[in-house]
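K.L.:
got a predicted model here, sequence first, then my questions.
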There are 2 protein chains.
Amino acid sequence: MSIRRTQPGRPRLIPTTTAGPPREQVLHAAAQLFVTQGFAATSTREIAEKVGIRQASLYYHFTGKDEILAELLERSVRPTVDRVELIEQAAAERPETALYALVLVDLRTLAEAPDNIGVLATHPDVTSSEAFDAFRSIRDELARAYGRIATQAGDPGAAHAAEPRHLGEMLIHLVEVTTSLRSIGVTIDEETADAIASTCLRACGIPESRITSAASSAAALVAGLPASSHG
Amino acid sequence: MSIRRTQPGRPRLIPTTTAGPPREQVLHAAAQLFVTQGFAATSTREIAEKVGIRQASLYYHFTGKDEILAELLERSVRPTVDRVELIEQAAAERPETALYALVLVDLRTLAEAPDNIGVLATHPDVTSSEAFDAFRSIRDELARAYGRIATQAGDPGAAHAAEPRHLGEMLIHLVEVTTSLRSIGVTIDEETADAIASTCLRACGIPESRITSAASSAAALVAGLPASSHG
């Protein structure tokens, strides 16, 4: 990722956030404020203050807080969507392995997204503003990928089976339970990740024997994927 | 439910919301504003204007917007929690029927909650403020009920089985997919409700044959429950 340099300007006086390029510091500080006090209640002035830069310097990197939130939200889905094709190729003919791997990758993306930003994804500020059209479109692509892979993997004779688009929405939503779990203090370790991924496969009607083998082949598949550019 | 009467005061001039007792009109107008423009961005003045009453009249019913949101959120969980004991008694020894019935009741509660208010349940304004402690405590009681019933119903030999508290959180979260589905325009009809309930049972590792019989006995059980006081 290319990082634009700040102009010389004023030195940063109160560096309260973790070190890193200024643009990243702005994203990190904004994420903390959005998550703790809400998006509408946060001003670009406060974000700049938290980073220890002037408001004008913040506007060198972003046109406003909509653009900051848009980038944070995209980071909560894009690394997963970018890997869907690789996963489907690597696990062709083994849709349950592809589904398990997709969940593991998605959980890693959500874990790496700053400050549980996923909680804002369904917020009215986000769902009602055009500023987040790009995010919604990527999230929709992810929901369709879930639906497609889950329908291939699932039990075609299941009673009351959900249609692919709804099943996709259910699975993407179920994986997002990670943000609820984080907010009640649960650490998303490998054991929790396996519990969530297995639950997703079960939800599609995949029997236990195939879940166990999908778990081990998915772990190997994910280990072989290229690292995230944001990782 | 007892409704306090408004004082005579000024007549309502711009009745833009559905008819009903003033307190209900305030709740309904507030829900619409909170969901469309966000909680932090909504003032009690705007809520009063939308109902067509003076701000002072609104304060006759509520101490402020925190109390309004608290009541809206409680309505999205309390009718379900109030029925947990009845469901567990009616389906003693049949935990998968109890789980299916719990999901159906929860879906009905969420469908009756005004304006998809559930989307605000995980919002920072709600998770970080003491004003919503009562709501969080009722939601936690519901998550524990889900965990308890699901653990009784589920496959004890499942690989990577989630612990009861986490499984409960996953299921309550999965049922809340209804708010995502509503926000993308899906009508939560009986077919969708059955798809969500079946997916929850599958997620616990319950086999198809038992899901089919749980679906029919749960429908009968739910039909026999007393109606919601808010219905």
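P.N.:
The structure has been received and is ready for your questions. Numbers count the residues shown, from 1 in each chain, chains lettered A, B, ... in the order given.

K.L.:
now the residue nearest to the spatial centre of chain A: how far from residue B:110?
P.N.:
For chain A, the residue nearest the mean C-alpha position is residue A:76 (2.5 Å; CA atoms, centre = their mean). Distance, residue A:76 to residue B:110, by CB to CB, to the nearest Å: 24 Å. C-beta here means a position set from N, CA and C on the backbone, and glycine is covered the same way.

K.L.:
ok, now residue A:215?
P.N.:
Distance from residue A:215 to residue B:110, by CB to CB: 32 Å.

K.L.:
domain boundaries for chain A, per the record?
P.N.:
Domain assignment for chain A by automatic domain parsing gives A:22-62, A:73-223.

K.L.:
reformat those domains as CSV; add mean pLDDT and distance to chain B.
P.N.:
Shown next, in CSV, are those (pLDDT from 0 to 100; distance: least, CB to the nearest CB, whole Å):
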stretch, mean pLDDT, distance to chain B
domain A:22-62, 91, 4
domain A:73-223, 89, 4
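
K.L.:
how about TSV for the ones you listed, with distance to residue B:65 added?
P.N.:
Listed next are the domains of chain A as TSV, based on distance: least, CB to CB, whole Å:
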stretch	distance to residue B:65
domain A:22-62	13
domain A:73-223	15
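
K.L.:
and the helices in chain A?
P.N.:
Counting by DSSP state H, one finds helices in chain A at the ranges A:22-37, A:44-51, A:55-61, A:65-75, A:78-90, A:95-112, A:124-127, A:133-153, A:164-175, A:177-183, A:190-203, A:208-223.

K.L.:
what about these, which gets the closest to residue B:54?
P.N.:
helix A:124-127 (26.3 Å; CB to CB).

K.L.:
can you name the residues that contact the residue nearest to the centre of chain A?
P.N.:
Taking CB atoms under 8 Å, 6 or more residues apart in numbering or on different chains, we find residue A:76 in contact with A:109, A:110, A:113, A:117, A:118, A:121.

K.L.:
any idea how far it lies from residue B:211?
P.N.:
For residue A:76, the distance to residue B:211 - CB to CB - is 33 Å.

K.L.:
equivalent analysis for residue A:141, please.
P.N.:
30 Å.

K.L.:
residue A:191 now?
P.N.:
Distance from residue A:191 to residue B:211, by CB to CB: 27 Å.

K.L.:
the two: who's more crowded?
P.N.:
The neighbour comparison of residue A:191 against residue B:211 (other CB atoms under 10 Å in any protein chain shown) goes to residue B:211, with 23 against 13.

K.L.:
right, and residue A:155 touches residue B:208 too?
P.N.:
Yes - between residue A:155 and residue B:208 there is a contact under CB atoms under 8 Å: 6.8 Å.

K.L.:
and residue A:57, how many residues sit next to it?
P.N.:
Neighbour tally, residue A:57, other CB under 10 Å: 18.

K.L.:
these two touch, right, residue A:180 and residue B:171?
P.N.:
No - counting by CB under 8 Å, residue A:180 sits too far from residue B:171 to count as a contact (11.4 Å).

K.L.:
these two: which has the busier surroundings?
P.N.:
residue B:171 (30 against 22).

K.L.:
and the gap between residue A:145 and residue B:217?
P.N.:
36 Å.

K.L.:
starting at the chain centroid, how far to stretch A:46-59?
P.N.:
26 Å (CA atoms, centre = their mean, to the nearest Å).

K.L.:
ok, stretch A:120-137 next?
P.N.:
On CA atoms, centre = their mean, the centre of stretch A:120-137 falls 14 Å from the chain's centre.

K.L.:
just to revisit the earlier point, can you redo the helices of chain A as a markdown table with distance to residue B:224?
P.N.:
Listed next are those as a markdown table, based on distance: least, CB to CB, whole Å:
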| stretch | distance to residue B:224 |
| --- | --- |
| helix A:22-37 | 43 |
| helix A:44-51 | 54 |
| helix A:55-61 | 60 |
| helix A:65-75 | 44 |
| helix A:78-90 | 44 |
| helix A:95-112 | 38 |
| helix A:124-127 | 37 |
| helix A:133-153 | 34 |
| helix A:164-175 | 28 |
| helix A:177-183 | 31 |
| helix A:190-203 | 28 |
| helix A:208-223 | 34 |
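
K.L.:
between those helices, which one is closest to residue B:150.
P.N.:
helix A:190-203 (10.3 Å).

K.L.:
now the angle from that closest one to helix A:208-223?
P.N.:
With axes from the mean of the first three to the mean of the last three CA atoms, to 10 degrees defining the directions, helix A:190-203 sits at 130 degrees from helix A:208-223.

K.L.:
got the contact list for helix A:190-203?
P.N.:
Under the criterion CB under 8 Å, 6+ apart, residues A:96, A:99-100, A:103-104, A:107, A:150, A:153, A:170-171, A:174-175, A:177-178, A:181, A:186, A:210-211, A:214-215, A:218, B:158-163, B:166-167, B:170, B:174, B:199-200, B:202-205 lie in contact with helix A:190-203.

K.L.:
among these, which ones are buried?
P.N.:
A:96, A:99-100, A:103-104, A:107, A:150, A:153, A:170-171, A:174-175, A:177-178, A:181, A:186, A:211, A:214-215, A:218, B:158-162, B:166-167, B:170, B:174, B:199-200, B:202-205 (16 or more other CB atoms under 10 Å in any protein chain shown).
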